[in-house]
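K.L.:
With the sequence up front, the predicted model follows.
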Amino acid sequence: MPTNEQRRATAKRKLERQLEHRAERERKRRQYTIIGSAVGAVLVIAAVVATIVLVNRDSGDQTASASTSTTQTSSPFDVPPPAEAAALPEFSAPEGLGGNCQYPKSADAASKPNNPPRTGKVPTDPAEVSASMETNQGNIGLLLDNGKSPCTVNSFASLAQQGFFNDTPCHRLTTSESLGVLQCGDPTGEGTGGPGYEFANEYPTDQFQPDDPKLNAPVVYPRGTLAMANAGPGTNGSQFFLVYRDSQLPPQYTVFGKIDDTGLATLDKIAEAGVDGGGPDGPPALATTVKKIQLD
């Protein structure tokens, strides 16, 4: 029969084991809590990263055009304008119109060989110059507005005469409620190409003072408008867009011509087929290639 001292020793050992087990359970509990928290943090981070990737992937060309000003063109296309928009301003010839056209080198090399257009003074007469744009989807007749945007027309005509636009894709179609345009003029077909030079905006931008807040307010570019795409002020190159439906944009895209009825019928056919893969913005489902542009 155990003595009292033996019973106390046994009870002490039992208590020590219980305390050890309890400490071990507490240690494991803390460990699992830390691991669980770390896993949770990883999952949260992964979810955030996945969301960012998804947003960037869905934004596609739009996000890039907004953020890479040296390569991507037409960034304000990415921001849906408000429902209300004013008409394009009445044209009033600014002082020195066409008197000093300059085409400095851009940050990016030319996507296709060409010689920059002549600089300095260019004629504003005739006020309009006829041109034809032949595509695999049909012809598009153009009337270039040399009287309003002579530096732009000078560049466009120079590139057309050198065959810069020959066999190049129209890489972007927009079909949203407020923006309906087909964008062309990039030999790369990626929205990043240009002629290796750039030049300043003309009408309607030149109807405003540089600090006028109206430059950031949308105006209506009416159906049948031919305008330059850009990545910000002074970054015009070779990319241009054809408006097949009244569209809202800030007045920071040079209007340099109009599209005839035959051309609008061709654009309507392309627009009706929609965007490749669906959605409101991307390559046209009806693949469109500019065969050539020539002055009439």
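P.N.:
That came through fine.
K.L.:
what about the strands in the stretch 101-250 of the chain?
P.N.:
Counting by DSSP state E, counting those that start in this stretch, the stretch 101-250 of the chain has strands at residues 128-135, 138-145, 168-169, 172-176, 179-184, 219-221, 225-228, 240-245, 247-249.
K.L.:
Out of these, which is closest to Pro116?
P.N.:
strand 225-228 (15.9 Å; Cβ to Cβ). (Each C-beta comes from the backbone N, C-alpha and C, glycine too.)
K.L.:
what does that closest one contact?
P.N.:
142, 144, 152, 201, 221, 236, 239-243, 247, 253-259 (Cβ atoms under 8 Å, 6 or more residues apart in numbering).
K.L.:
after the helix or strand of the chain with the lowest mean pLDDT, next one along is what?
P.N.:
Ranking every helix and strand in the chain by mean pLDDT, DSSP states H and E puts helix 61-67 at the bottom, with a mean of 33. Once the chain leaves helix 61-67, the next helix or strand it forms, by DSSP states H and E, is strand 86-87.
K.L.:
Tell me the strands beside that following strand, with direction?
P.N.:
Here strand 86-87 has these sheet partners by DSSP bridges: strand 219-221 (parallel).
K.L.:
neighbouring contacts of the strand it pairs with?
P.N.:
The contact list for strand 219-221 (Cβ under 8 Å, 6+ apart) reads 85-89, 204, 227, 243, 246-251, 253, 255.
K.L.:
could you redo the last one with a cut-off of 6 Å?
P.N.:
Strand 219-221 has contacts (Cβ atoms under 6 Å, 6 or more residues apart in numbering) with 85-88, 243, 246-247, 249, 251.
K.L.:
quick revisit: reformat the strands of the stretch 101-250 of the chain as JSON lines; add distance to Asp296, mean neighbour count and mean pLDDT.
P.N.:
Below are the strands of the stretch 101-250 of the chain laid out as JSON lines (distance: least, Cβ to Cβ, whole Å; neighbours: other Cβ atoms under 10 Å; pLDDT from 0 to 100):
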{"stretch": "strand 128-135", "distance to Asp296": "4", "mean neighbour count": "18", "mean pLDDT": "98"}
{"stretch": "strand 138-145", "distance to Asp296": "9", "mean neighbour count": "20", "mean pLDDT": "98"}
{"stretch": "strand 168-169", "distance to Asp296": "20", "mean neighbour count": "22", "mean pLDDT": "98"}
{"stretch": "strand 172-176", "distance to Asp296": "26", "mean neighbour count": "23", "mean pLDDT": "97"}
{"stretch": "strand 179-184", "distance to Asp296": "19", "mean neighbour count": "24", "mean pLDDT": "98"}
{"stretch": "strand 219-221", "distance to Asp296": "24", "mean neighbour count": "22", "mean pLDDT": "98"}
{"stretch": "strand 225-228", "distance to Asp296": "15", "mean neighbour count": "25", "mean pLDDT": "98"}
{"stretch": "strand 240-245", "distance to Asp296": "17", "mean neighbour count": "26", "mean pLDDT": "98"}
{"stretch": "strand 247-249", "distance to Asp296": "26", "mean neighbour count": "23", "mean pLDDT": "97"}
